[in-house]
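A.B. asks: Need coordinates for the following:
(chains A and B)
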Amino acid sequence: MVTDYESVGLKAGIEIHQQLNSREKLFCGCPTVLRKFDERSGEFARYLRATESEMGEIDRAAKEEMMVLRRFCYYAYDTCCLVEYDEEPPGPLNREALGICLSIAKTLGMTPIEQVHTMRKLVIDGSNTSGFQRTALVAMNGTLPNGGAIDTICLEEEAAQRVEGDIFSLDRLGIPLVEITTSPCMHTPEEVYQVAEYLGMVLRSTGRVKRGLGTIRQDVNISIREGARVEIKGVQELDLIAEVVRREVDRQQNLVWIREELRSRRARVDPVPVDVTTVFAGTASSILKKAKKILAVRLPGFGGLVGREIQPGRRLGSEISDYAKKCGVGGIFHTDELPAYGVTAEEVEALRRNLGAASDECIILVAAGADRAVCAADQVIYRANLALEGVPEETRKMLEGGSTAYMRPLPGAARMYPETDVLPVRIGTEDWDAVTVPELLTIRAERFVTEFGMDPGIARQVAYSEYLPLFQAALDHGIPPSLAHRTIFATAKEVGKETGKDTSGLLDPAVLIPVLEATQNGTIAKEAIPQVFMLELEGVPVNEAIARSKPSVSTSDIEEIVSKIVNERKDFVKSKGMASLGPLMGVVMEELRGAADGKVIAGVLKKEIQAALKEE
Amino acid sequence: MFAGKSLAGTYITERDGMAVIKLDSGYNMGVPFPACTLVEHLPAAPVKGPAVAQDPSLPPLSIVSTGGTIASRIDYRTGAVTSQFDADDILRAIPGLEKIGNFSTRVLYTILSENMTPQIWQELARSVYEEIRGGAKGVIVTHGTDTMAYSAAALSFMLDTPVPVIFVGSQRSADRPSSDNVMNALCSASAAVSPLGEVAVVMHESSSDDFCVIHRGTRVRKMHSSRRDAFRSLGLPPIGRVEYPSLGITLAEDAVRRCDTEPVLLDALEPRCGLLYFYPGMPAGVLEAFSGMEGLVIAGTGLGHTSTGLIQGLRDLIDGGTTVVMTTQCLFGRVCDRVYDTGRDLLKAGVIEGEDMLPETALVKMMWVLANERDRERAGALMQKDLRGELSGRSVS
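C.D. replies: Next comes the predicted model:
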């Protein structure tokens, strides 16, 4: 579908969540390290319940999470403390994290809040042991290069990571992250991509953010003129963000189309489910067979529309099913897709006959224990009615490929109430003046080009890389940029490929810098770096690896070897002339691998070739 | 006005000279007062929900509230706990209670538990007594956790109860979705309708939401400042256990059982008693503060000792009419002052061995004993006699 985004009135805004690389967590002294699940030191289980906000209301999203009382299990580690267990009040707001947040805010031209209040944002899906996420509004009103606005930047604690189902891991809980929220100032999918990319660049410019998958996540808020605001959570890959927007616009357009079609058909939703358990008394369908109760919801006028695709792999039926699943059922059956799943054509016919259903009618079945079936049927009725209104406002989660599924209603302000255990933090004028603004990576890349004559592509690669601090450290030690770049971005990788070993340890400044310095001051040849790396991978300490890789041949040895090689290939030298230098260099280097400096060898070889040619 | 823009929000309160404003997003921020312009006064939000239907066919239970966070609401504007709440408030706060009993409530106090006094324990004992006399088949006392063990011990001595009197609190505040208030309250209600017939404390068994334990009122201690499972029975195993969420209950064999007798109230307490935690280097002059008091419990070292330098001062106190009982700061184990010299000297000075009583329990018991038994010798003997399961003749662990 080719969409004219302007004519459909696309409005999009994004929220970027980026983990900060602070030493400690946001409200305790635990390190901000991730652990493997099998390293856990204990487990415990809790239930969560929605509580009223300070305004005396219960948030609608929290209410929905309460439909089924869920038992959450948590994995604990020796790098976690009672704050993550929700067994101790939080400590004061981490000033290091606040400093990084303020630095980002200043870079984006924002105004800091004079008195920062930590809030509790109700989240009872199990991802927080306390049932809320602590968050604080730190600054407001920033600007984007495309003329758009940044509404807010907040400092938040990261949630616990889901292991599977209702099991969560506590290692990630409490890592500081910033949430940057733009205004709905984007009008095409590409613009959303560009803004996300720009903000990602600003965040990385600080050099104080975590790197790697899952450390940055985007939420996208999307609406079209006839649609509604939908928040899509957790887009981890930047490259997918435009596709997510495109697919959501398609979804909203399709739901609007379905609404019009339903209205023209005078479609309606039967408000009372019908017990059809006996109709399926002899069924072969395993799901229906084991269900204690089977309820049918009649949707006159919906025939064919429930099975209609609204996004790749998603139908109106999928949307209805998502709502029913909130009651703990596995899903729904609907007559647009039946017979299937072990339900026969005869059974569908019997069902229609039993309900006196017309041919344009869709029937939705829910099958479960009595309570869950009633709950699920109510949800089916609720969502089907929403289809008559068009696009519901909701929070959705991203699926593989960029389609989305319903998560919960959009939360309101009722989910936010003060964290009484954390005192407010004052940001005075002096504090703000002392905040430093980092050099943007775009500017740094340009500087590499002008200052060191680096190729613009390479300069950008270096500037955007997680190894930028290492590269910068090498430059600070007087290493030429070309040598630093080649060693960090190529040599280490090549050694990894050759040995099949993890080379991340080689890119520790304590290892790499001495190697580069040894190369620079002539202790070892540049060509010896791979050998030094290999020795290190075998566990040889860096200084010893360097000592063992010192040139083992003298200039006279080199002259002897080069002379021998040239003599053996006299015909080749004669036929190629000075052009034989390149190929012969390879032969000599192979012989002397790492034992001598390439420059010295090249000089000797050149002389020998010239001498051989003179012999003519 | 903020950052050159006009922002709308609700004024919440004043904090350190700043106006706290709630924005539409729900975030609060502190801004200087001159930056704010009052647009309109909003009516106060209604705070009460609908009434919860009760079932009169269920056993009549009473909730006596003294404060604490278990069924309270926090007023975020002031940071204080709401001052009054009735049965409906509690039943709304703890969904599921209405399926266990038919509740009536009595708000006795709304104080922080560190502000408890022996006089309040007396009022509490009278209230619970009246509730039982009034037909309650079980009484739940909601209490702040910090001094709950003292109050439970005090009621254990002041009240001879035919029905369960269950103290309960919450370690994590009631305003958070993870609060232990719901589980503790439901388990306490289950204990209140159980065959138990004594004063007990019901709280989380572990960090998980899986079991509550029932502790005897004279054997329980708060052993952690913040964890859910802070309460532990010391010196003997808990007297019961409640499974959650099924609320299935098991009682230990030696748990006192419910009976049909009338409750007995013995609410006299001698408040002029003290508790002293001995430490190395404690100057003898500290003891002068207890001169003229009726009783003193010492939490001594190990088997029950103070330094030699304190012995004369203790002798003077005892000679002056103060009853002095020795317990141990080890908490586990029994006092024995016959092993070392200082112990023998303490005994010679007239110090009474407090057996395996917890220091706090010994203090409360001493207040009760000295108010009910004026004869010093007989009072001393009562201190060494098990009255409410507070001491046992044999140590098994």
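
A.B. asks: Longest strand in chain A, please.
C.D. replies: strand A:132-143 (DSSP state E).

A.B. asks: That one: partners in the sheet, and parallel or antiparallel?
C.D. replies: According to DSSP bridges, strand A:132-143 forms sheet pairs with strand A:111-112 (antiparallel), strand A:118-122 (antiparallel), strand A:149-157 (antiparallel).

A.B. asks: Direction included, what does the following helix or strand past the shortest one pair against?
C.D. replies: Where DSSP states H and E defines the elements, the next helix or strand beyond strand A:111-112 is strand A:115-116. When pairs are called by DSSP bridges, strand A:115-116 turns out to pair with strand A:425-426 (antiparallel), strand B:28-31 (antiparallel).

A.B. asks: Direction included, what does whatever helix or strand comes next after the longest one pair against?
C.D. replies: Same thing as strand B:28-31. For strand B:28-31, the following helix or strand on the C-terminal side (DSSP H and E) is strand B:60-67. Applying DSSP bridges, strand B:60-67 is found paired with strand B:102-111 (parallel), strand B:139-142 (parallel).

A.B. asks: Just send the ones you listed back as CSV, with mean pLDDT and mean neighbour count too.
C.D. replies: To be clear about C-beta, it is placed using only N, CA and C from the backbone, and glycine gets the same treatment. Listed next are the strands paired with strand B:60-67 as CSV, based on pLDDT from 0 to 100; neighbours: other CB atoms under 10 Å in any protein chain shown:
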stretch, mean pLDDT, mean neighbour count
strand B:102-111, 89, 18
strand B:139-142, 96, 29
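
A.B. asks: where does the chain dip in pLDDT?
C.D. replies: Assuming you mean chain A. The model of chain A has pLDDT under 70 over residues A:1-2, A:52-57, A:59, A:62, A:65-67, A:413, A:552, A:593-595, A:616.

A.B. asks: To clarify, I was referring to chain B.
C.D. replies: B:44-49, B:71-86.

A.B. asks: next helix or strand past the stretch of helix or strand B:Ala299 belongs to?
C.D. replies: Using DSSP H and E, B:Ala299 falls within strand B:295-300. Counting by DSSP H and E, the next helix or strand C-terminal to strand B:295-300 is helix B:311-319.

A.B. asks: Run through who's touching that next one.
C.D. replies: Identification of contacts with helix B:311-319 by CB atoms under 8 Å, 6 or more residues apart in numbering or on different chains yields B:284-285, B:287-288, B:290-291, B:296, B:298, B:306, B:324, B:342, B:345-346, B:349-351.

A.B. asks: which residues does A:Pro184 contact?
C.D. replies: A:Pro184 sits in contact with A:11-13, A:221, A:223, where contact means CB under 8 Å, 6+ apart.

A.B. asks: For the longest strand of chain A, buried residues please.
C.D. replies: Neighbour-count burial for strand A:132-143 flags A:132-142 (criterion: 16 or more other CB atoms under 10 Å in any protein chain shown).

A.B. asks: Which one of the residues in the stretch 251-397 of chain B is closest to chain A?
C.D. replies: B:Leu331 (21.4 Å; CB to the nearest CB).

A.B. asks: wait, that residue sits on B:Leu358?
C.D. replies: Yes - look at B:Leu331 against B:Leu358 with CB atoms under 8 Å: they come within range, at 6.4 Å.

A.B. asks: Need the overlap of contacts for the two.
C.D. replies: If you check B:Leu331 and B:Leu358 against CB under 8 Å, 6+ apart, the residues they both contact are B:221, B:234.

A.B. asks: neighbour-wise, which of these two wins?
C.D. replies: Set side by side, B:Leu331 and B:Leu358 show more neighbours around B:Leu358, with 26 against 16, by other CB atoms under 10 Å in any protein chain shown.

A.B. asks: before we move on, back to that, greatest separation within the contacts of helix B:311-319: which pair is it?
C.D. replies: B:Ser291 and B:Thr342 (21.6 Å; CB to CB).

A.B. asks: more neighbours, these two?
C.D. replies: Between B:Ser291 and B:Thr342, B:Thr342 has the larger neighbour count (other CB under 10 Å), namely 20 against 13.

A.B. asks: List the contacts of the most centrally placed residue in chain B.
C.D. replies: Centroid-nearest residue in chain B, with CA atoms, centre = their mean: B:Met148, separated by 0.6 Å. B:Met148 is in contact with B:68, B:113, B:167, B:169, B:201, B:222, B:231, counting by CB under 8 Å, 6+ apart.

A.B. asks: by contact count, what packs against the top helix by length along chain A?
C.D. replies: Ordering each helix of chain A by length in residues (DSSP state H) puts helix A:241-264 first. Here helix A:241-264 touches helix A:5-8, helix A:189-205, strand A:216-223, strand A:230-235, strand A:309-311, helix A:370-389, strand A:404-408, going by 3 or more CB pairs under 8 Å, 6 or more residues apart in numbering or on different chains; DSSP states H and E.
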